[in-house]
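In: Output the structure for:
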Amino acid sequence: MTCSSRAQMESARRGRLPVRLLAVAGVSTLALLTGACSGGDNGDVKPAAVSQEDLTQLPEATTFATVANAPLDPQPTGGATSGKVVHPKADIVVYDGVGGKAIAKLPSIQMGSPTWVPVVSEQGEWAQVLLPTRPNAASGWIHLSNDATETAQNDYAINVNRAAFTLEILQGGKSIGKWTIGTGKPEHPTPAGRAYIIASIEETKNTYSPIVLPLSYHSDSLETFGGGPGTVGLHTWRDNSFSGQANSDGCIRVPSEALTELVKLPLGTIVNIT
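Out: Numbers count the residues shown, from 1 in each chain. Below you'll find the model as predicted:
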């Protein structure tokens, strides 16, 4: 991570579960709903079979990986979503399109927390989800069938305005809190786009933040930081010098009262950074 070492992340395998994860449903319900509501002529295409050996060879879609041939987020600059998030119960294959080529596998655990990814498009039993890998805005298609996944409705979102140095939490489109923050310095700017919270890590080494919330985006200027892959995160700081300033290495620094509310949000919550 930009502000936490890989060793720290790996040691945090007991990461916190999402607190406000709502309306978890079986995939059979999702299939019924998407089959009735989605447009798409080829949404009923079944995925190509992937052997266990081939699955082993696929890159794991985590913050440490790069999936160079992943399709990009179709609306990275604040596109609205339905609020649907998906949790794979075990490794699930990620494809480059509906009925397309296998490009990665999405694990059930991300950095010690259960994997929850936001859905940005649907076609029949297929869902396009955002990935936590490089490049920023990477996405992929997963097939929602059998009992391989769980789904939930997440009505929360976070808006980060780098120019105004503000972070705002929304619930159902309504503001429930807004704070002044710090962002990346000019040489290591906080990247813009539609990211999401991938995990919740209890800090055990550094003292600047009791919990760090890593995002799906990475620094554009740092390939690595502190032994980690340059993951951007949300966290507090040891003093208030960050407030209204661009002085981090890419992470978003927030006041402690903001972090108290942020850690209550479900994993997979969208973070729109403008």
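In: alpha carbons only for contacts and neighbour counts from here, please
Out: Noted.
In: Pop the domain breakdown of the chain in here.
Out: 20-153, 155-273 (automatic domain parsing).
In: now the last one, how far from the chain's geometric center?
Out: Spelled out, it's domain 155-273. 12 Å (Cα atoms, centre = their mean, to the nearest Å).
In: Residue nearest the middle of this structure, spatially speaking?
Out: Geometric centre of the chain, nearest residue: Y196, 3.4 Å, by Cα atoms, centre = their mean.
In: shouldn't that residue be in contact with S216?
Out: Yes: with contact defined as Cα atoms under 8 Å, Y196 counts as touching S216 (5.5 Å).
In: Report the residue spans of this protein with pLDDT below the cut-off.
Out: Counting by pLDDT under 70, the chain contains low-confidence residues at 1-41, 227.
In: what ranges do the helices span in the protein?
Out: Listed in chain order, the helices of the chain (DSSP state H) span 6-10, 27-37, 52-57, 256-262.
In: so P88 makes contact with A148?
Out: Yes: at 6.0 Å, P88 counts as touching A148 under the criterion of Cα under 8 Å.
In: In terms of neighbours, single out the busier of the two.
Out: P88 (22 against 15; other Cα atoms under 10 Å).
In: and that one, what does it touch?
Out: Residues in contact with P88, defined by Cα atoms under 8 Å, 6 or more residues apart in numbering, are 106-108, 115-116, 148-150.
In: now swap in P71 and tell me
Out: 96-97, 138-140.
In: swap the cut-off to 7 Å and go again
Out: P71 makes contacts with 96, 138-140, as judged by Cα atoms under 7 Å, 6 or more residues apart in numbering.
In: closest to D54 among these?
Out: D96 (15.7 Å; Cα to Cα).
In: To what extent is the closest residue to that closest one other than its chain neighbours buried, counted in neighbours?
Out: Leaving aside its sequence neighbours, D96 sits nearest to G140 (Cα to Cα, 6 or more residues apart in numbering; 5.5 Å). The number of residues packed near G140 is 29, by other Cα under 10 Å.
In: contacting residues for G140?
Out: So G140 contacts 70-71, 94-97, 128-131 (Cα under 7 Å, 6+ apart).
In: now the strands for the stretch 151-274 of the chain?
Out: Listed in chain order, the strands found in the stretch 151-274 of the chain under DSSP state E, counting those that start in this stretch are 156-161, 166-171, 174-180, 183-184, 193-196, 201-202, 211-218, 231-235, 246-248, 252-253, 270-273.
In: what packs against the longest one?
Out: Contact partners of strand 211-218 among helices and strands, from 3 or more Cα pairs under 7 Å, 6 or more residues apart in numbering; DSSP states H and E: strand 193-196, strand 201-202, strand 231-235.
In: ok, and what's touching that strand?
Out: So strand 211-218 is contacted by 63, 131-134, 136, 195-203, 230-235 (Cα under 7 Å, 6+ apart).
In: Next, N154: phi, psi?
Out: phi -120, psi 110 (degrees, to the nearest 10).
In: if I look at it, how far off is P118?
Out: 9 Å (Cα to Cα, to the nearest Å).
In: what's the neighbour count on the nearest residue to P189 once chain neighbours are set aside?
Out: Among residues not flanking P189 along the chain, G250 sits closest, at 5.2 Å (Cα to Cα, 6+ apart). The tally of other residues near G250 (other Cα under 10 Å) stands at 30.
In: check contacts around G250.
Out: 2, 183-185, 188-190, 219, 232.
In: out of those residues, which are buried?
Out: Among these, the ones that count as buried by 16 or more other Cα atoms under 10 Å are 2, 183-184, 188-190, 219, 232.
In: thinking again about what came up before, dump the helices and strands packed on strand 211-218 into CSV; add distance to G79 as well.
Out: Shown next, in CSV, are these (distance: least, Cα to Cα, whole Å):
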stretch, distance to G79
strand 193-196, 8
strand 201-202, 28
strand 231-235, 20
